[in-house]
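S.K.: predicted model, plus sequence, below.
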Amino acid sequence: MSIYIGNLSYEVTEADLNAVFAEYGSVKRVQLPTDRETGRMRGFGFVEMSSDAEEDAAIEALDGAEWMGRDLKVNKAKPRENRNTGSFGGGRRNDRYSRSY
């Protein structure tokens, strides 16, 4: 599982997050998504730790804490939703348009 961290400063780095979360255990991975068009950080990130107990301790300590001038939102990350619906428009076409004469 991983931890979601929201309301991050746009100045934060992966090294910054690693240092803060390392106080609560072993950090396996840090991700800071960036905007595709601007390359700017999107204001949230994800941290994976070695155990659920370490993640729980970090969440308990850091949710609502002020860091870099912002109040953090820290919780268990939810699984990513599949946004692909599989087709555009879907459904059956009206026979009037699909018949050939």
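M.R.: Nice, thanks for sending it over.
S.K.: just for the chain, where's the confidence low?
M.R.: Scanning the chain for pLDDT under 70 picks out 83-101.
S.K.: which stretches of it form strands?
M.R.: With DSSP state E as the criterion, the chain has strands at 3-6, 27-31, 44-49, 66-67, 70-71, 73-76.
S.K.: right, and the ones you listed - which one's nearest residue 38?
M.R.: strand 44-49 (15.3 Å; C-beta to C-beta). To be clear about C-beta, it is placed using only N, CA and C from the backbone, and glycine gets the same treatment.
S.K.: ok now the top helix by length along the chain, how far from the chain's centre?
M.R.: Secondary structure of the chain per DSSP state H: the longest helix is helix 52-62. Helix 52-62 sits 17 Å away from the centroid of its parent chain (C-alpha atoms, centre = their mean, to the nearest Å).
S.K.: now tell me what touches that helix from outside.
M.R.: 1-3, 5, 20-21, 23-26, 47, 49, 72, 74-76 (C-beta atoms under 8 Å, 6 or more residues apart in numbering).
S.K.: of these, which is the most crowded?
M.R.: residue 5 (28 neighbours; other C-beta atoms under 10 Å).
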